[in-house]
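> got a predicted structure here, sequence first:
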Amino acid sequence: MRKVDSVDTKEKILVIDDELAPRESIRMVLKDQYNVSTAEGAHEGLKMMSEHPFDLVVMDIRMPKMDGITALQEIKKRHADTEVILLTAYASLDTARDAIRCGAFDYLIKPFDKDDILLVIKKGLEKRRANKDLKMEREILLDRASYLENQVSEARNNLLTYYESTVQALILTIDAKDHYTFRHSGRVAKLSAAVAEEMGVAQEAVREIQHAASIHDIGKVGIVESILNKKGHLTSDEYAEIQKHPTIGVRIVQSIPFLEEAIPVIQYHHERYDGNGYPHGMNGEDIPLSARIVAVADAIDAMMRDRPYRQALSTERVLQELRENSGTQFDASIVDVILAGKISLA
């Protein structure tokens, strides 16, 4: 028969023992300080625990139907946070080891002293409270971490929105100045992304290259239209002006923090692999990969379109130009990707 003391504000202890005398003696020792319930066996005790939470269980090891070690395993499986103290009439180290290994907080040897019971109960509940506090702190930290993750995700999404809006604004600026450059930049961006992906570049970097390529000629907004749209060959002075557009482009975007990854493409897409490009005369792999990719895509699209000073070249002629300039004007590894024929140039 079960017995329950009803003091809700006190910590709850369940005493499980098939013998009435030790069960009641423990209840009498604890009842003034704790809310004590009793059960005549493990099955009854487990049923009570399924109906009401308990902070600590005091349980005999030797009981019929289900012994204390087996009951302990069930309690830890169902109520992992509940501390358990086992009672035994045998001073056995093996019993102690089994109990501790299965998750018991401690064990008491019958007959036991009142002060021993109170002390071990006190320590068991202190551990229980400490574990509850740690669990609560962990949950608070997890909630804070989740909140911060959501904040970072929201900030990232907002930044991406601002990024896309800014890129679109810059593209429209290019279009207003030179409609050819606008269409050209869009095609170069698409081709650059395809080349980067074929080369095994990480997806995030592919997106960065595509965005950067879409504004690689933004510096041309600082070049007079008479030079940009001139029919015929440029004079040396006019060509010198054209060569300023990478530097102008960098000045435009460097004040926008989230466009920083576009700077290498804008600044170096006219550098040559052999070092004879502009504006800095960089060579080989000193030129960022993103700029080397865009340089090839830029040249391909320029050759395949009509310009005021010449007609578009055929695909065969464009591929021939790439072969002839591989390793000099262009990075040979990028040219090889194009010549493999896996990427559409249309």
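Right, received. Where do you want to start? Numbers count the residues shown, from 1 in each chain.
> show me where the stretch 101-250 of the chain has its helices.
Taking DSSP state H, counting those that start in this stretch as the test, the helices found in the stretch 101-250 of the chain are 114-177, 179-198, 203-214, 225-228, 236-242, 245-253.
> name the helices or strands packed onto the third one?
Helix 203-214 sits against helix 114-177, helix 179-198, helix 263-268, helix 289-303, with contacts defined as 3 or more CB pairs under 8 Å, 6 or more residues apart in numbering; DSSP states H and E. In this view, the C-beta of every residue, glycine as well, is placed from N, C-alpha and C.
> any idea how far residue 204 is from the spatially most central residue of the chain?
Nearest residue to the geometric centre of the chain (CA atoms, centre = their mean): residue 149, 8.8 Å. When distance is defined by CB to CB, to the nearest Å, residue 149 is 18 Å away from residue 204.
> just residue 328 next, same as before
31 Å.
> the two: who's more crowded?
Between residue 328 and residue 204, counted using other CB atoms under 10 Å, the more crowded position is residue 328 (12 against 9).
> any idea how far residue 343 is from the residue nearest to the centre of the chain?
38 Å.
> where does the stretch 201-346 of the chain dip in pLDDT?
Scanning the stretch 201-346 of the chain for pLDDT under 70 picks out the ranges 308-309.
> do that again at 80, thanks
229, 231-232, 255-258, 306-310, 346 (pLDDT under 80).
> ditto for the stretch 51-200 of the chain
If you take pLDDT under 80 as the line, the stretch 51-200 of the chain has these spans: 89-100, 102, 109-112, 145, 147-148, 152-153, 155-182.
> still on that earlier bit, Throw the helices and strands packed on helix 203-214 into JSON lines and include distance to residue 237, thanks.
What follows is these, written out as JSON lines (distance: least, CB to CB, whole Å):
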{"stretch": "helix 114-177", "distance to residue 237": "20"}
{"stretch": "helix 179-198", "distance to residue 237": "21"}
{"stretch": "helix 263-268", "distance to residue 237": "22"}
{"stretch": "helix 289-303", "distance to residue 237": "22"}
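> wait, which of the ones you listed is closest to residue 65?
helix 114-177 (25.1 Å; CB to CB).
> which other helices and strands contact the closest one?
Looks like helix 114-177 contacts helix 20-30, strand 56-60, strand 83-88, strand 106-109, helix 179-198, helix 203-214 (3+ CB pairs under 8 Å, 6+ apart).
> just the ones you listed: most buried one?
strand 56-60 (a mean of 25; mean count of other CB atoms under 10 Å).
> helices or strands next to that strand in the packing?
strand 12-16, helix 42-51, helix 68-78, strand 83-88, helix 114-177.
> okay, those, which one's buried deepest?
Most buried among the helices and strands packed on strand 56-60, counting by mean count of other CB under 10 Å: strand 12-16, with a mean of 25.
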